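Make a model of this:
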Amino acid sequence: MEFVTVIVLFCTCFYVVSSLAYNSIRLEPSATSPPDISPPIDPSFAGFSIEPSNLFSFMGAAEPNTFTLNLLNNLASYTGKPSHIRISGNTQDYMIYQECQDKWAWIENHNADGQGIIRPDSMLIGPRFFEAANRLPKGTTVTWGLNLAYEQNDYIERITTMAKKALSNCPNLNITLFEIGNEPDLYTMNGFRAGDWGGKVYTRQWLDRASAIYEQVLRPNGIHSNFFEAAAIASTIGDDLQIVDLEGFGIYPKASNAPTSYLSGWNQHDYLHYHICTSEHAITLKHIMKLRTTEDQLTAWAEQLKQAQQTHYPYALCQTGVVGPLGLPGITDVFGAALWALNFLFYTASLGVSSLSFHMTATSNASAWQPIPMYGRQPHVRPLYYSIAAFNQVIGRSPTAQVSRCPIPEIPAGYKDFVRAYSVYQQKQLSSVVVINAKMANSSQRKKDGVVVQLQLPNVAAGGTVYLSYLTSKGADATANTTWNGISFEQSGDGTPTQVSENGQTVQVVDDGTASFPVRDSEAVVASLGRRVGSYGGMEASSCLGTTRNGADDLCPSTSSAGTSNADNMDKYGVGEHSFPVVSASVCLLSISFSLVLGVLML
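Residues are numbered from 1 along each chain as shown. So this is what the prediction gives:
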């Protein structure tokens, strides 16, 4: 009987090793930051854009929306800084302020007389609007949208009043930018402008309003002139509102009575994939999860980024999302969208985008959470939120985090457009590696394929520990029960985190500096060197690859209790949902864990 067992084990191990060679990728990130590294990532990078007409839905009316506040506080706790919030969108160009309007809502203006398909003075807001906004976590940096569409005789009074109220009535916030107008490239289509409207006229009207706000609002309060983002356009196709055009029209002359211009940065919008009203393609979940499509779609915006870099002003994607404007059930509210978002965050950060804001409305299936009862459901967290939590934990509290794409020399057949990897550096030292496997695998597939990542590290890392954190769910089509790093934001019912599964998976770095670990189809993993993601923060958040060590235990000793090893959790990857084989980079038949063998035998 023992002889038979040995034969079975040998044959099983041969199967494991041979199949591993088929579905494996090899990564060899630089130990120190490479030349194409991103600038340092601001901890508030992963932000949100809240449609102004929906502000009360997210922040609450007479009573604060604690669900929203809990979710925002979670994210702030991971980076030490609240997510950047943009209170802007189409409806900023419909709103004017009325002091006597004291409702916890905007109300319709029955005397609106501006021009447009929707009149630019059709919504009236009052002091309660600013009270609601002021509930955001203390110190939240905010981009505040102002109405450019309105051009009646009192337009200067209207826009300066709104700017004054925002600054004076929101002491809890750090309003850092005003955005004058939303998507001016659509103004003729919306009926706001006619005739010779374009980049040149836009520049003149933008400067007119920026100058008035500076002289009447900012300067008297000791605030610098470069307080405004320009462009905020929906598209760069067929117009003269590209950054290079606006530069040519003179959008950043030196402000009067100030040493700087009015311009603080560039702000553009894009929905990936695609704006539902204009898409010429069938919008499917598989298409969204094809990560190559994100890179293709961003080609035009990458060119805008290059133009921005020539001006030395930062470039932000301040209104974006997976499918706009309201998302699609079964596509934007499922786990596949979370994998898209995680890749989108790291990809745009690697390009040098300064900030990213996922647009949210109360009725959108693409919003990171549902703030009020809607569609027959109570407020709930969508999978996309988890990708932002993951990004924030990986970036951490250090102001030195930088991101670079990690080359994958050879990708198995069928995975080329679906697998991407990124290296994260703290204080210019490799800190973690992110691997996203967006190949589609639905919840109904009990046995799911995947890839084994063979991570090559410098020899000094030998004997050290790599900590694994997974962004996972039942499948790409799952709408609930996502986890990141073993954390659920759904189980509590109020948006606070609950540890629902083991977050202690680890692998050891073997003598040649390699560590191997699996990532299932429709799953992402973060391999953190020396410390678990989320277990540290601040300036100490750096890799110890360069540390001279006298023994293996000296390599980045963990600041948290040791978790289980990858072998201890091998049943997760050998049976059930994770059905593909796993083996150490240094293959030794005698070291294959019994649980792995058992898992293979059960296939």
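
So residue 311 sits against residue 243, correct?
Yes. Between residue 311 and residue 243 there is a contact at 6.8 Å, judged by C-beta atoms under 8 Å. Yep, even glycine has a C-beta here, placed from its N, CA and C like the rest.

which residues of this protein score low on pLDDT?
1-22, 273-281, 503-504, 536-603 (pLDDT under 70).

Please parse it into its domains.
Residue ranges for the domains of the chain, per automatic domain parsing: 2-37+399-601, 46-395.

just to revisit the earlier point, of residue 311 and residue 243, who's got more company?
residue 243 (25 against 17; other C-beta atoms under 10 Å).

now that one, nearest residue through space, not along the chain?
residue 307 (4.0 Å; C-beta to C-beta, 6 or more residues apart in numbering).

Using the three-state scheme, assign that neighbour.
What DSSP: H, G, I helix; E, B strand; the rest coil gives for residue 307 is helix.

Quickly note the distance from it to residue 427.
Separation of residue 307 from residue 427 (C-beta to C-beta, to the nearest Å) stands at 31 Å.

Tell me which stretches of the stretch 51-200 of the chain form strands.
85-87, 95-97, 107-108, 123-125, 141-146, 174-180 (DSSP state E, counting those that start in this stretch).

mind checking the SS state of residue 517?
Assignment for residue 517 (three-state DSSP): strand.

brain fart, residue 397
On the basis of three-state DSSP, residue 397 is classed as coil.

pretty sure it contacts residue 77?
No. Counting by C-beta under 8 Å, residue 77 is not a contact partner of residue 397; they are 9.4 Å apart.

if I look at residue 489, how far off is residue 361?
20 Å.

ok, now residue 167?
For residue 167, the distance to residue 361 - C-beta to C-beta - is 25 Å.

And residue 527, by the same measure?
Distance of residue 527 to residue 361, given as C-beta to C-beta: 36 Å.

cool, and residue 415?
To residue 361, residue 415 is 35 Å away according to C-beta to C-beta.

higher neighbour count, these two?
Counted by other C-beta under 10 Å, residue 415 and residue 361 do not tie: residue 361 has more neighbours, with 24 against 18.

what about the residue nearest to the more buried one when sequence neighbours are not counted, neighbour count?
Leaving aside its sequence neighbours, residue 361 sits nearest to residue 51 (C-beta to C-beta, 6+ apart; 4.5 Å). Neighbourhood size, residue 51 [other C-beta under 10 Å]: 26.

do the one 4 residues further on as well
Number of residues near residue 55 (other C-beta under 10 Å) recorded here: 23.

Kindly report the same for the one 5 residues further on.
The local packing of residue 60 (other C-beta under 10 Å) involves 20 other residues.

Next: residue 239.
Other residues close to residue 239 by other C-beta under 10 Å number 18.

Kindly report the same for residue 270.
21.

for residue 138, same thing?
Neighbours of residue 138 using other C-beta under 10 Å come to 12.

who's in contact with it?
Residue 138 makes contact with 82, 172 under the criterion C-beta atoms under 8 Å, 6 or more residues apart in numbering.

From residue 81, how far off is it?
Distance from residue 138 to residue 81, by C-beta to C-beta: 11 Å.

before we move on, what about residue 262?
On the measure of C-beta to C-beta, residue 262 and residue 81 end up 26 Å apart.

Which one's more surrounded, those two?
Per other C-beta under 10 Å, whichever of residue 262 and residue 81 has more neighbours is residue 262, with 27 against 20.

Kindly state the beta-bridge partners for residue 175.
Beta-bridge pairing of residue 175 under DSSP bridges involves residue 142.
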